[in-house]
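A.B. asks: next come a sequence and a model predicted from it.
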Amino acid sequence: MKKLSLGLVLLVSFCTAWGQQDPSTRSIHVSTAIEEPQSNIDLLRKSLQQSSTQITGVASETPRPRRQQPQPKPEEDPSAAEKAAAAQQEAIAAAQAQAAQMAASAISAANSSGTLDMPLDIGGTSVQTVVEPVVNAHPKKLSPAAAKELAIVKQKKEEASKPKPTSLEQDIENNNSLLPASAKVKEKIQPDTSAEEQAADAELEYAVKMLQQSKQQAQSAERRIQPPAAQNKPSQVPVANKKFDPNAFRPNVTWIPSKSTHFDIYTQKRSSGISSSNMSMTFESAYQTLRRFIPWMMSARVRVFVYQDHTSYLKYEPNARAWSRAVAYPTRGEIVVYDEPGKTQELKEVFTHELTHIFTQNFFDSHKTGRIMTPLWLDEGLAVLMEDQAYNGSRGGPWANDFRTLNFQRPRSQNVAQFRSNSMFGRATKFQPPTNNKHRGKPQFFIPFEQFMQEDSLQAAEGRKKAQDWYFQAYTMVRFLLNPAGGASPSNRMQFEQFTRLLAQGEPLRNPSTGFLVKDSRGQIVYEPYSIEDALGRAYRYGTIENFEDNFWRWADRR
């Protein structure tokens, strides 16, 4: 009996102490265990549903007072009892609302995390509940593909949870010169360009691509050769005796006009950089080179257009090629070049080449028909010869060096002589070409002259990738006619002048019976045209083209 009374005393003491404890410090730890749950989230949701059911049920009951409240005596005021009942109903309604709100917050917290930390007010006492997920003792093994997908999902969640930098932080990061280049954020700026500018940029990109291809081809080639001027046939030609407007033929470019002794120069206004100095002196030096050899072909003033750089040259000049240095328009009397500081000598050589095309065309087209009338082999051979003469040095340039060193020979089909040459005794003897033992390099065979003088011979050589060999043969043939001894001999120059005049103009036609000059209905003298064979026979006494070729190889063997 004593033991029972002692136990009751201890129980009353514990309850009294528990009742005196701070309600905020009390908590109940509720843990649930389910055998092999499907997932922690499912377990949490079930636990929360059970907790919310229990909380709602507890909150719906009337809280039991710890002590019996004395009932109002009948003699007391009945309004006090009504007030107490109303206050009790309000407390019950507030408890129900608070319980529902805490249950909803607990469910949302369980969906976002694996634990639930929820304070409850039960029976006037604050209770802290914590629901922890049950760890699966036997987790299922994921396949490598599923594990990879899960890792990707986790990585995306981590990146999404990271705070994004503000605009100020981005500006500081972009402008921080101490950061490495890989850490800096590169902003993409979309330029507001018009359709015309986009088209121009596309053309420029294409030109740059062609330039890269041409540079690769030029590296494999031995020498860069200018394109034939006969291919440049513009549709519009400036009207004679009318003030020339450069923007009428080359718009979108600001031209600055100037003059030299023999040229009208139009220079593009530079957007940046420094232009080469004394370009007009380079042009005049080329003019003087031609005056030494072909003064009878010199014509009126020539217009020269100078672009500020290679990019502008490719962008605005329609017939410009990526690997070319200049373009000549013989029917217009114009030359187009671009400025390249530090390469004055190269500009002089190329300009001399193109200026020769201008003069030969004006000479052969004396009636201003607008057609390219100069024989192609003569036009290109003379231009290359004049270009080589503009090279610094008394012995000429690279073409003269090839002439001295290359082992060029007659065609293979003519190794056994097939041509006949008249001897001093008037008998036809078989020509035997002498053996050249001084040049033991790889032989370079020339094309037979009669075939070479055809207008399509250059196109055929380009098809065989032998364009440079074709130009070298044209150079040597014209050199033999104009400058066989390597100098500007007056006798040779006179013969070459007569040869070109017979080709370009012919001879005045005379009446056989009277001997007077024949004139047309307008009173103009009628000229009889000469073929190449007839002109060679009249100027050089070569009866046939075969005889011309025969004498050429005699001369070439003595070099």
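C.D. replies: In hand now; what should we look at? Numbering: from 1, shown residues only.
A.B. asks: so, low pLDDT: which residues of the stretch 251-400 of the chain?
C.D. replies: 367, 370, 393-394 (pLDDT under 70).
A.B. asks: where do the strands sit along the stretch 451-559 of the chain?
C.D. replies: 507-508, 527-528 (DSSP state E, counting those that start in this stretch).
A.B. asks: ditto for the stretch 301-450 of the chain
C.D. replies: 302-307, 326-329, 334-338, 407-409, 420-422, 428-430, 443-445.
A.B. asks: and those as TSV, adding mean neighbour count and distance to E546?
C.D. replies: Using the backbone N, CA and C atoms, a C-beta is placed for each residue, glycine as well. Putting the strands of the stretch 301-450 of the chain into TSV (neighbours: other CB atoms under 10 Å; distance: least, CB to CB, whole Å) gives the following:
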stretch	mean neighbour count	distance to E546
strand 302-307	23	39
strand 326-329	24	33
strand 334-338	24	38
strand 407-409	17	17
strand 420-422	14	8
strand 428-430	10	12
strand 443-445	15	17
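A.B. asks: need those strands in CSV (columns: distance to L385).
C.D. replies: Formatted as CSV, the strands of the stretch 301-450 of the chain follow (distance: least, CB to CB, whole Å):
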stretch, distance to L385
strand 302-307, 19
strand 326-329, 16
strand 334-338, 18
strand 407-409, 16
strand 420-422, 26
strand 428-430, 32
strand 443-445, 18
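A.B. asks: as TSV, the strands of the stretch 451-559 of the chain with mean neighbour count, mean pLDDT and distance to N392 would be great.
C.D. replies: Below are the strands of the stretch 451-559 of the chain laid out as TSV (neighbours: other CB atoms under 10 Å; pLDDT from 0 to 100; distance: least, CB to CB, whole Å):
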stretch	mean neighbour count	mean pLDDT	distance to N392
strand 507-508	12	84	40
strand 527-528	15	84	41
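A.B. asks: any chance of CSV for those, columns distance to E546?
C.D. replies: Listed next are the strands of the stretch 451-559 of the chain as CSV, based on distance: least, CB to CB, whole Å:
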stretch, distance to E546
strand 507-508, 24
strand 527-528, 24
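A.B. asks: to Y338, which of the ones you listed lies closest?
C.D. replies: The closest of those to Y338 is strand 527-528. By CB to CB, the value is 40.6 Å.
A.B. asks: need the residues that contact the closest one.
C.D. replies: For strand 527-528, the external contacting residues (CB atoms under 8 Å, 6 or more residues apart in numbering) are Q505, G506, E507, P508, L509.
A.B. asks: distance of G523 relative to Q505?
C.D. replies: G523 is 18 Å from Q505, where distance means CB to CB, to the nearest Å.
A.B. asks: okay, now the domains of the protein?
C.D. replies: 26-61+94-134, 199-367 (automatic domain parsing).
A.B. asks: what's the average pLDDT for the first one?
C.D. replies: The average pLDDT for domain 26-61+94-134 rounds to 55.
A.B. asks: so which strand or helix has I225?
C.D. replies: For I225, there is no host helix or strand (DSSP states H and E).
A.B. asks: now do it against G523, distance only.
C.D. replies: Taking CB to CB, one finds I225 at 45 Å from G523.
A.B. asks: and those two? Which one has more around it.
C.D. replies: Per other CB atoms under 10 Å, whichever of I225 and G523 has more neighbours is I225, with 18 against 6.
A.B. asks: doesn't W470 make contact with that one?
C.D. replies: No - using CB atoms under 8 Å, I225 is not in contact with W470; the gap is 9.4 Å.
A.B. asks: could you list the low-pLDDT ranges of the stretch 401-550 of the chain?
C.D. replies: Applying pLDDT under 70 to the stretch 401-550 of the chain flags residues 414-440, 484-491.
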